[in-house]
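**Student:** Predicted model and sequence follow; I will ask about them next.
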Amino acid sequence: MGHDVESVAEKQRARGLIVAIDGPAGVGKSTVAKLLASRLGYLYLDTGALYRATAWAVIESGLDPADAKGVEALLPTLSLHMQFHQGVATVFVSGRDVSGDLRTPEVSAAASVISAISAVRAWLLPIQRQIGQGGSMVAEGRDMGTTVFPSADVKFFLEADPTIRAQRRHRELVTAGHSGALEETSADLTSRDTRDRSRSIAPLAPAEDARFIDTSTLSIAEVVDQMMAVVAAKL
């Protein structure tokens, strides 16, 4: 089995820009990417969801996410499918909709671990590029502008104060029904940052031509407005 990507809307869209948004957890990537895609009438690609879906499958199989050989052996048995509706994707693993299971702390931690496995990144790279081949897409993740879409028309790298990032992530978890102390969330983010920035394969880093936006003191609308101004200049 392999990758299966469907989108009638994708076939109907005229060729548009590819906008790449990178940055660590808690800077607001997903929120602003969704809004930017909506304002542009583009597809929204949450590449983190692909890693989370793979991590979910690893956990379901009973494997240790750090068992690189075991994870690599699991990949050919999986079918990863993204279905788009109004520009937003629902994620299926071997036919099961796992979209609602992807934001738990356990899956988040496992996704960070498996993302450092070269076989996982190589397995997921084609699906990301296949979705982007039609253009008119906002893609967010950690290596969009450097590895997946190095020729993206517009690239952003978001940052924010670590304390603010932890608070945002904690609120997100609480809203989703997950309990846990803020200190625990902060420690998890620190661990993820270390893994993401230090991995040998496609580490988290800004592309040379990326526009930096510090979201610490900006509202969501202000961040999107800044992005729209940059994108509009390219249209």
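**Tutor:** Received, thanks. Numbers count the residues shown, from 1 in each chain.
**Student:** if I look at the residue positioned nearest the centre of the chain, how far off is Arg129?
**Tutor:** The chain has Gly48 as the residue nearest its centroid, 2.7 Å off, counting by CA atoms, centre = their mean. The gap separating Gly48 from Arg129 is 16 Å, by CB to CB, to the nearest Å. Just so you know, the C-beta spots here come from the backbone N, C-alpha and C atoms, and that holds for glycine as well.
**Student:** Repeat that for Thr163.
**Tutor:** On the measure of CB to CB, Thr163 and Arg129 end up 36 Å apart.
**Student:** ditto for Ala73
**Tutor:** Separation of Ala73 from Arg129 (CB to CB): 24 Å.
**Student:** try Glu184
**Tutor:** Note on Glu184: its distance to Arg129, by CB to CB, is 36 Å.
**Student:** what's the answer for Ala119, then?
**Tutor:** When CB to CB is applied, the distance between Ala119 and Arg129 equals 17 Å.
**Student:** Same question for Ala207.
**Tutor:** Relative to Arg129, Ala207 is positioned 16 Å away (CB to CB).
**Student:** quick one, phi psi at Thr90?
**Tutor:** phi -100, psi 140 (degrees, to the nearest 10).
**Student:** Please read the previous query as pertaining to His85.
**Tutor:** phi -140, psi 120.
**Student:** Contact partners for it?
**Tutor:** Applying CB atoms under 8 Å, 6 or more residues apart in numbering to His85 gives no contacts.
**Student:** ok, which stretches of the chain are helices?
**Tutor:** In the chain, the helices defined using DSSP state H lie at 8-12, 29-40, 47-61, 68-74, 105-114, 118-132, 162-175, 182-198, 220-232.
**Student:** So between Ala119 and Arg129, which is more surrounded?
**Tutor:** Ala119 (16 against 12; other CB atoms under 10 Å).
**Student:** Tell me if I'm right that the more buried one and Glu72 touch.
**Tutor:** Yes: assessed by CB atoms under 8 Å, Ala119 is found in contact with Glu72 at 4.0 Å.
**Student:** pLDDT below threshold where in the protein?
**Tutor:** Within the chain, the set of residues satisfying pLDDT under 70 comprises 1-15, 87-88.
**Student:** dump the residue contacts of Pro65.
**Tutor:** Pro65 neighbours (CB under 8 Å, 6+ apart): 55, 58-59, 71, 109-110, 113-114.
**Student:** do that again at 10 Å, thanks
**Tutor:** Remark: with contacts taken as CB atoms under 10 Å, 6 or more residues apart in numbering, Pro65 is in contact with 54-55, 58-59, 71, 106-107, 109-117, 120.
**Student:** Same question for Thr146.
**Tutor:** Neighbouring residues of Thr146 by CB under 10 Å, 6+ apart: 20, 22, 152, 155, 157, 202-208, 210.
**Student:** and if you look at Ala233?
**Tutor:** Contacts were defined as CB under 10 Å, 6+ apart; by that measure Ala233 touches Val154.
**Student:** mind checking how far it is from Tyr42?
**Tutor:** From Ala233 to Tyr42 the distance is 16 Å (CB to CB).
**Student:** go on, Val138?
**Tutor:** Using CB to CB, we find Val138 at a distance of 5 Å from Tyr42.
**Student:** Neighbour count for these two, which is higher?
**Tutor:** Val138 (30 against 23).
**Student:** Quick check: nearest residue in space to Gly95, chain neighbours excluded?
**Tutor:** Nearest residue to Gly95, sequence neighbours excluded (CB to CB, 6 or more residues apart in numbering): Ser79, at 7.0 Å.
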